[in-house]
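**Student:** This is a predicted model, with the sequence first.
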Amino acid sequence: MSRHDPIDPATATPSAMDTPPPRRRKGPVLAGLALVALLAGGWQGWSWWSEGRFLIETDDAYVQADLSLVSSKLEGYVAEIPVEANQHVRQGEVLVRIDDGDYRIALQQAQAKLPTLDRTLARIDAQVSAAEAAVTQAEAQRAAAQASLRTASTAAERARDLAARRVTSQADLDEATGALDTARANLAAAEAAITGARAEVEVLQAQRAETESSRADLQLAVAQAQRDLDMTVLRAPFDGTVANVAIEQGELVSPGARLAAVVPDHGLYVEANFKETQLAEIVAGETARIRIDAMEGHEIEGRVVSLAPATGSVFSLLPADNATGNFTKIVQRVPVRIDLPDGTQGLRAGLSVVVEIDRRTAPEGTAVAEVRQ
């Protein structure tokens with residue numbers, strides 16, 4: 001049969017008949033996708049309208065801690081390091097021991113001088129007592145001299161009266177006058193003895209004051225030596241984890257050298273760096289939602305505590321000098337401190353977080369709350 005001959009439908013095979021065209025299914029699929037996109041867009045729009053427009057977000061935020069940098073006040077060799085890196089310690093637990101031989105000797109030398117000064121003070125006290133007794137004795141001699149002077153004065157007056165009436169001889173008058181002069185001299189000597197004894201007491205008291213001052217200085221030296229000796233043992237300032245141990249046993253450390261760090265167990269907070277254009281609606285007391293990257297986006301709730309008084313660039317080691325001809329304006333960021341709830345587990349200082357501050361939670365009486373109303 002020629003290919004140009006007509007085909008008889010009754011005798012034609014199925015393969016020879018034309019197959020029907022496939023059904024068009026793209027329309028329902030596209031309609032479904034459009035519906036899904038519309039629903040997703042509506043959901044996103046509703047979320048933004050109902051909540052998102054009230055949130056102030058930044059991903060430039062990190063978990064911070066007021067960690068303690070352990071440094072040595074003294075110079076010496078490291079005698080012992082009882083802890084290891086990443087070890088948990090309690091407050092007061094020993095972190096580093098510095099060889100204390102020299103400081104222990106200095107303390108003993110200062111303590112050895114105290115008994116000598118104590119004996120010096122005791123000797124001076126005895127001398128003061130003796131000098132005070134000499135003063136008392138001199139005062140008694142003055143009283144006797146005064147009595148002798150009164151007697152001699154009376155005798156001399158009587159002798160002059162008798163001599164005037166020619167009852168007694170001139171020799172008796174001369175003897176009475178000499179006795180009066182002697183009594184006056186004895187009184188002057190007694191007065192001088194009192195002055196000398198009192199001056200001796202004052203000198204001894206001044207020596208005692210000087211010795212007491214020297215003893216006070218020595219006591220301070222003993223206290224300083226004891227303090228230096230105590231400083232050879234470095235202890236944990238609070239409960240936390242030891243990190244960044246930068247020394248080895250036997251190493252010579254100098255004053256101020258950083259030896260290790262202690263990260264506290266509690267008191268972690270978030271420092272979020274917000275753009276300057278976002279600060280108008282951030283006030284202390286607002287609620288912050290914090291998503292932690294290391295915890296698979298786990299969300300916790302914090303509270304805004306304070307805003308830094310200056311931008312981060314102001315506190316940098318080399319602040320930018322904008323008074324140049326090639327100035328380019330850059331949006332600055334201001335650190336905002338956010339407290340974390342107590343008992344939050346799994347946090348580490350330095351972790352990255354995403355912060356969303358809800359401006360609807362601004363405390364009553366603030367400018368943000370008044371604008372919201």
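**Tutor:** Structure's in. What do you need? Residues are numbered from 1 along each chain as shown.

**Student:** ok now do the most centrally placed residue in the chain, which residues does it touch?
**Tutor:** Nearest to the geometric centre of the chain sits Ser68, at 10.1 Å (C-alpha atoms, centre = their mean). By C-beta atoms under 8 Å, 6 or more residues apart in numbering, Ser68 lies in contact with 237-238, 240, 261-262, 264. Quick note: C-beta positions are derived from backbone N, CA and C, even for glycine.

**Student:** Which strand residues bridge it?
**Tutor:** Val262 (DSSP bridges).

**Student:** Distance of it relative to Val242?
**Tutor:** According to C-beta to C-beta, to the nearest Å, Ser68 and Val242 sit 10 Å apart.

**Student:** Overlap of the contact sets of those two?
**Tutor:** Counting by C-beta under 8 Å, 6+ apart, the residues touching both Ser68 and Val242 are 261-262.

**Student:** Output the below-cut-off pLDDT ranges for this protein.
**Tutor:** 1-27, 47-48, 50, 163, 165-170, 172-174, 321, 323-325, 367-373 (pLDDT under 70).

**Student:** Could you pull out the strands in it for me?
**Tutor:** 55-64, 68-71, 76-80, 88-89, 94-98, 233-235, 240-243, 252-253, 258-264, 269-275, 287-292, 298-307, 333-339, 352-358 (DSSP state E).

**Student:** and the last one, which strands flank it?
**Tutor:** Put plainly, it is strand 352-358. Here, using DSSP bridges, strand 352-358 pairs with strand 55-64 (antiparallel), strand 287-292 (antiparallel).

**Student:** quick one, that strand and strand 333-339 angle?
**Tutor:** 80 degrees (axes from the mean of the first three to the mean of the last three C-alpha atoms, to 10 degrees).

**Student:** Strand 352-358: which residues count as buried?
**Tutor:** For strand 352-358, a neighbour-count test (16 or more other C-beta atoms under 10 Å) marks 353-358 as buried.

**Student:** Then the fifth one?
**Tutor:** Applying a neighbour-count criterion of 16+ other C-beta under 10 Å, one finds 95-98 buried in strand 94-98.

**Student:** what comes into contact with that strand?
**Tutor:** 70, 72, 74, 76-83, 89, 231-236, 242, 247, 253, 259-260, 262.

**Student:** Can you turn the buried part of these into a PyMOL selection?
**Tutor:** A single PyMOL command is used to select the members of these judged buried by 16+ other C-beta under 10 Å:
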select buried, resi 70+72+74+76+78+81+83+89+231+232+234+236+242+247+253+259+260+262
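
**Student:** close enough to count as contact, Ile247 and Ala260?
**Tutor:** Yes: at 7.3 Å, Ile247 and Ala260 qualify as touching, with contact defined as C-beta atoms under 8 Å.

**Student:** longest single helix anywhere in the protein?
**Tutor:** The longest helix of the chain (DSSP state H) is helix 101-164.

**Student:** Next, the angle from that helix to strand 76-80.
**Tutor:** 120 degrees.

**Student:** Distance from the chain centre to helix 101-164, please.
**Tutor:** 54 Å (C-alpha atoms, centre = their mean, to the nearest Å).

**Student:** what's the straight distance from one end of stretch 302-315 to the other?
**Tutor:** 25 Å (C-alpha to C-alpha, to the nearest Å).

**Student:** any idea how far it is from the chain center?
**Tutor:** Taking mean C-alpha positions (C-alpha atoms, centre = their mean), stretch 302-315 and its chain are 21 Å apart.

**Student:** give me the number of residues near Thr116?
**Tutor:** Applying other C-beta atoms under 10 Å, we find 11 residues neighbouring Thr116.

**Student:** ok, it to Glu51 distance?
**Tutor:** For Thr116, the distance to Glu51 - C-beta to C-beta - is 81 Å.

**Student:** before we move on, the earlier item: which PyMOL command selects the buried ones in the contacts of Ser68?
**Tutor:** Command for PyMOL that selects the buried part of the contacts of Ser68, burial taken from 16+ other C-beta under 10 Å:
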select buried, resi 238+240+261+262+264
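
**Student:** Which of the contacts of Ser68 sits closest to Ala37?
**Tutor:** Pro264 (49.4 Å; C-beta to C-beta).

**Student:** Can you give me every residue that contacts Leu218?
**Tutor:** Taking C-beta under 8 Å, 6+ apart, one finds 110, 113-114, 117 in contact with Leu218.

**Student:** cutoff 10 Å now
**Tutor:** 110-111, 113-114, 116-117 (C-beta atoms under 10 Å, 6 or more residues apart in numbering).

**Student:** One more: Ala310?
**Tutor:** Listed by C-beta under 10 Å, 6+ apart, the contact set of Ala310 reads 332, 334-335.

**Student:** so how far is Arg333 from it?
**Tutor:** Relative to Arg333, and taking C-beta to C-beta, Ala310 is found at 11 Å.
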